[in-house]
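Trainee: model the structure of this input:
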Amino acid sequence: MKLQNFLTKENIGRILWFGLLTTIFFSIRKVFDTPEATLLGEYSDFTSLSLYLSDLVLLTIFLHGLISKWFTWNISIVTKIGVIIILVLFVSQIGSVNPILIFKTIKLIELLVLFELARQYFSKYPHFIKDFTKLFVVLALIQVLIAFFQVSLDRSVGLKLIGEPLLNLDSYGVAKFASHGILELRAYGTFPHPNVLSSFVLVGTLISLMAIPLLNKTKLKIGAVLITLLLGTGLYLTYSKAAIIGLFIGVFTIFLYSLLSKIPITPLYKRFISFLPLILAIFIAFWTFFTPRGGIEPESFSYRKLYNHVGLNILRENPIFGVGIGQSMLHMERFSPRGLESWEIQPIHNYFLVSAADGGVILSVSLLILFLYLLYRLKSSTWNMEHPIKPHHVVGLAILLAFLSLMHFDHYFYTLQQGQFLLWLILGLIISFIDSNNRESSLN
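Mentor: Sure thing, here's the model as predicted:
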């Protein structure tokens with residue numbers, strides 16, 4: 001095949017989306033040496049200003065969309081409302097504008113751009129979703145391999161150039177756990193924290209699990225089973241209990257909907273039973289007790305409670321607009337019930353609470369409405385149970401419900417680039433294939 005025949009606009013688009021997905025997994029970035037990085041007394045990823053390779057790839061995709069005309073200015077109502085909300089929140093803090101506020105505001109708009117690009121591209125090329133998710137699983141497997149070596153060696157394996165943090169058991173701030181009185185390293189992969197790695201491996205596991213019944217050949221089924229088990233093992237290496245809970249919710253969702261498509265009961269009972277995964281996710285969200293992990297968890301649990309307490313105090317005083325996008329960490333000492341050391345200042349460990357502290361109920365409730373809307377649209381395709389269940393709808397529902405449970409325990413979907421891009425890419429994919437109810441499954 002001649003190069004000019006290969007480098008068509010459509011193939012270039014596919015390559016760029018593959019490139020974006022790859023750069024999300026491997027965190028390559030330039031951190032700018034600005035005062036904001038040490039504003040809290042020591043270096044913090046949450047206040048530093050960085051340019052990621054994934055930012056540049058996303059910009060290239062946007063330009064490609066304009067040139068190739070698959071991107072149009074027929075923007076979704078979600079994106080329009082999102083931009084308006086972000087601008088309103090920025091204007092509400094116009095009297096205290098600072099570089100972090102500007103940078104974080106731009107990042108939120110960038111996430112909406114990612115959402116819109118994914119919605120439009122995968123709506124036009126729905127069959128590409130299959131190859132895209134295959135690459136996701138392959139990249140997740142590579143992360144599991146890296147994680148295995150990290151845990152085996154109790155240190156990093158020398159992949160700093162592609163985003164691996166510097167790891168060893170003696171380093172302060174490195175996540176570890178106690179097993180029979182011995183400290184062991186939690187797996188990071190090429191992510192800034194094991195919990196972020198766990199969310200990516202979780203998605204790969206659910207995609208692989210959903211693929212098993214769709215494959216026709218026995219060899220392929222066996223391969224999918226082995227891949228699912230390997231990814232599950234990688235999830236265990238992160239020692240993220242929140243991710244295990246999310247996996248349980250996701251697997252339960254896939255199993256339940258697969259079962260409902262086969263058992264001979266009335267549609268009314270099927271509709272009722274189909275609510276069980278959502279009920280389970282809501283129960284988890286309000287479950288405040290999180291059991292200890294070895295000798296380390298009690299301290300981290302107390303910090304989680306402290307940060308959430310700070311978030312509630314901020315919200316009580318600033319209920320409508322919050323303290324400004326990306327600003328909640330800068331106000332933590334003022335709203336904390338006790339004095340905080342510089343290394344204790346971290347984001348509020350709850351997605352909706354940290355977004356509420358930053359942007360008030362305007363931002364937090366808007367995000368919640370978006371997630372509920374997508375859940376409703378996904379469930380609407382299976383509520384009547386009169387048509388074959390669409391596998392990509394089910395796995396999308398499983399991932400979204402799993403994410404909602406993770407959001408109750410952590411902040412990385414809101415504060416860290418890789419978590420942010422994963423979330424909004426998934427949301428864009430979901431809305432791309434629920435925009436048209438009569439579209440055939442692109443995963444078959």
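
Trainee: and the pLDDT for Glu42?
Mentor: As predicted, Glu42 sits at a pLDDT of 84.

Trainee: gap between the closest residue to it other than its chain neighbours and Gly173?
Mentor: In this structure, Glu42 finds its nearest non-sequential neighbour in Ser342, 5.0 Å apart by CB to CB, 6 or more residues apart in numbering. C-beta coordinates here come from the backbone N, C-alpha and C atoms, glycine included. If you measure Ser342 against Gly173 using CB to CB, to the nearest Å, the figure is 12 Å.

Trainee: name the SS class of Tyr239, please.
Mentor: Under DSSP: H, G, I helix; E, B strand; the rest coil, the three-state class of Tyr239 is coil.

Trainee: how many other residues sit next to it?
Mentor: For Tyr239, the count of nearby residues is 24 (other CB atoms under 10 Å).

Trainee: quick check: phi and psi at it.
Mentor: phi 50, psi 40 (degrees, to the nearest 10).

Trainee: go on, Val97?
Mentor: Phi and psi for Val97, reported as degrees, to the nearest 10, are phi -70, psi 140.

Trainee: how much space between it and Leu40?
Mentor: Here Val97 is placed at a distance of 19 Å from Leu40 (CB to CB).

Trainee: the two: who's more crowded?
Mentor: Taking neighbours as other CB under 10 Å, Val97 and Leu40 compare with Leu40 leading, 20 against 13.

Trainee: so where's the stretch 101-250 of the chain uncertain?
Mentor: 180 (pLDDT under 70).

Trainee: strands of that one, start to end?
Mentor: 176-179, 182-185 (DSSP state E, counting those that start in this stretch).

Trainee: nearest to Gln150, of the ones you listed?
Mentor: strand 182-185 (6.3 Å; CB to CB).

Trainee: quick one: the closest one to chain centroid distance?
Mentor: 27 Å (CA atoms, centre = their mean, to the nearest Å).

Trainee: from the contact counts, what lies against that strand?
Mentor: Helices and strands touching strand 182-185, by 3 or more CB pairs under 8 Å, 6 or more residues apart in numbering; DSSP states H and E, are helix 128-153, strand 176-179.

Trainee: tell me which of the ones you listed lies nearest to Val361.
Mentor: With CB to CB, the closest approach to Val361 among the helices and strands packed on strand 182-185 belongs to helix 128-153: 33.9 Å.

Trainee: any chance of the helices and strands packed on strand 182-185 in JSON lines, with distance to Gly65 too?
Mentor: Shown next, in JSON lines, are the helices and strands packed on strand 182-185 (distance: least, CB to CB, whole Å):
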{"stretch": "helix 128-153", "distance to Gly65": "14"}
{"stretch": "strand 176-179", "distance to Gly65": "43"}
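
Trainee: which parts of the helix or strand containing Ile12 are buried?
Mentor: Per DSSP states H and E, Ile12 falls inside helix 9-25. Neighbour-count burial for helix 9-25, counted by 16 or more other CB atoms under 10 Å, picks out 12-13, 16-25.

Trainee: could you do stretch 79-90 as well?
Mentor: In stretch 79-90, counting by 16+ other CB under 10 Å, buried: 79, 82-83, 85-86, 89-90.

Trainee: between the residues you listed, which is nearest Asn350?
Mentor: The shortest approach to Asn350 among the buried residues of stretch 79-90 belongs to Leu89, at 18.9 Å (CB to CB).

Trainee: just the pLDDT for that closest one.
Mentor: You'll see Leu89 listed with a pLDDT of 96.

Trainee: identify the residue spatially nearest to it, adjacent ones excluded.
Mentor: In space, Leu89 is closest to Gly359, 4.9 Å off (CB to CB, 6+ apart).

Trainee: so what secondary structure elements neighbour whatever helix or strand that neighbour lives in?
Mentor: In this assignment (DSSP H and E), Gly359 forms part of helix 351-383. On a contact count with 3+ CB pairs under 8 Å, 6+ apart, helix 351-383 meets helix 77-92, helix 297-317, helix 391-407, helix 412-415, helix 417-434.

Trainee: looking at those helices, which is closest to Ile146?
Mentor: Nearest of the helices and strands packed on helix 351-383 (CB to CB): helix 417-434, 14.3 Å.

Trainee: what angle separates that closest one from helix 9-25?
Mentor: Inter-element angle recorded for helix 417-434 and helix 9-25: 140 degrees (by axes from the mean of the first three to the mean of the last three CA atoms, to 10 degrees).

Trainee: tell me the mean pLDDT for helix 417-434?
Mentor: The average pLDDT within helix 417-434 is 94.

Trainee: same question, stretch 400-408
Mentor: The predicted model assigns stretch 400-408 a mean pLDDT of 92.

Trainee: can you list contacts of it?
Mentor: 199, 202, 206, 242-243, 245-247, 249-250, 253, 277-278, 280-281, 284-285, 350-352, 371, 374-375, 378, 413, 423, 426, 430 (CB atoms under 8 Å, 6 or more residues apart in numbering).

Trainee: let's see 6 Å
Mentor: 242, 245-246, 249-250, 253, 277, 281, 284-285, 351 (CB atoms under 6 Å, 6 or more residues apart in numbering).

Trainee: residues near the residue nearest to Ile146 when sequence neighbours are not counted, how many?
Mentor: Spatial nearest neighbour of Ile146, chain neighbours left out: Gly189 (5.0 Å); criterion: CB to CB, 6+ apart. Close neighbours of Gly189, defined as other CB under 10 Å, add up to 32.

Trainee: do the same with Pro35
Mentor: By other CB under 10 Å, 9 other residues sit near Pro35.

Trainee: next up, the contacts around it.
Mentor: By CB under 6 Å, 6+ apart, Pro35 lies in contact with nothing.

Trainee: among the helices and strands packed on helix 351-383, which is nearest Phe32?
Mentor: Nearest to Phe32, of those and by CB to CB, is helix 417-434 at 14.0 Å.

Trainee: helices or strands next to the closest one in the packing?
Mentor: Contact here means 3 or more CB pairs under 6 Å, 6 or more residues apart in numbering; DSSP states H and E; on that basis helix 417-434 packs against helix 99-124, helix 391-407, helix 412-415.

Trainee: if we use 8 Å, what do you get?
Mentor: helix 9-25, helix 99-124, helix 128-153, helix 194-211, helix 351-383, helix 391-407, helix 412-415.
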